[in-house]
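Q: Whatever this is, show me its structure:
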Amino acid sequence: MRMKKQARVGIVAAMMLLLTAWGSLAYYVANETAHNVISTGGLDVELVESAINENGRIIPFQNLNNLLPGETVSKIPQVRNLGKYSAYIRAKVRSAATLADGTKVDVPANLVGVNYDQANWKHDEDGYFYYNEALKEAELSKELFDTVTIAPELGNIYKDATFAITVSVEAVQAANNGTSAITATGWPEE
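A: Numbers count the residues shown, from 1 in each chain. Next comes the predicted model:
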């Protein structure tokens with residue numbers, strides 16, 4: 001019985017020794033949290049619209065008045081990469097009109113002829129034009145188009161109408177994102 005009592009005392013003493021050791025170890029262990037900030041690079045593009053005037057000079061595009069059916073006007077949209085990183089670019093072109101009574105309508109493609117640059121921009125089935133190369137920092141793209149022609153067969157419904165050729169552009173990062181603008185991912189959903 002004495003042996004059992006000594007064994008219990010020995011076990012209790014060993015447990016006390018372990019608890020004391022653990023408390024000492026816990027005292028020497030420290031917790032710390034590090035907050036590392038990682039910033040991503042931003043994309044920034046701007047649409048630059050210009051025109052060629054009657055003297056052959058490139059000027060900023062200005063709205064035109066009193067056009068007649070059959071007239072061709074200069075309108076040159078380009079995209080400039082204002083960001084720090086190369087970007088893939090896509091653009092969408094929409095032709096619309098506000099009729100004399102204030103009604104807004106989309107204009108059929110056959111009534112507004114746009115002279116697209118098909119060598120540097122690819123028109124995809126999703127309706128977007130994709131720039132063939134990644135646009136580098138501060139680089140200006142080639143012209144998406146250079147002229148717009150109002151069709152001679154424009155009907156009387158468009159008399160005194162205001163036409164708008166709207167170009168909207170989007171960009172996604174080029175680094176580690178496909179081999180072209182068409183294969184890139186991350187384009188905004190419509």
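
Q: for residue 97, what are its contacts?
A: Residue 97 makes contact with 104-105, 107, 158, 161-164 under the criterion Cβ atoms under 8 Å, 6 or more residues apart in numbering. From N, CA and C alone the C-beta is placed, and that goes for glycine too.

Q: Closest one to residue 124 out of the residues you listed, please.
A: residue 107 (21.2 Å; Cβ to Cβ).

Q: Would you mind listing the residues in contact with the closest one?
A: 95-97, 158, 163.

Q: Kindly state the beta-bridge partners for the residue positioned nearest the centre of the chain.
A: Taking Cα atoms, centre = their mean as the criterion, residue 171 is the residue nearest the geometric centre of the chain, at 2.8 Å. Residue 171 has these beta-bridge partners by DSSP bridges: residue 89.

Q: Touching, it and residue 86? I think so.
A: No. Applying Cβ atoms under 8 Å as the test, residue 171 and residue 86 come out as separate, 9.8 Å apart.

Q: Give me the spatial nearest neighbour of residue 60, chain neighbours excluded.
A: residue 50 (5.8 Å; Cβ to Cβ, 6 or more residues apart in numbering).

Q: how far away is the one you found from residue 112?
A: Plainly put, residue 50 is 19 Å away from residue 112 if you go by Cβ to Cβ, to the nearest Å.

Q: try residue 44
A: Between residue 44 and residue 112 the distance is 30 Å, computed by Cβ to Cβ.

Q: about what we covered before: what bridges to the residue nearest to residue 60?
A: residue 60, residue 76.

Q: Spit out the contact partners of it.
A: Neighbouring residues of residue 50 by Cβ under 8 Å, 6+ apart: 58-61, 76, 78.

Q: go with 7 Å
A: Each residue near residue 50 by Cβ atoms under 7 Å, 6 or more residues apart in numbering is listed here: 58-61, 76.
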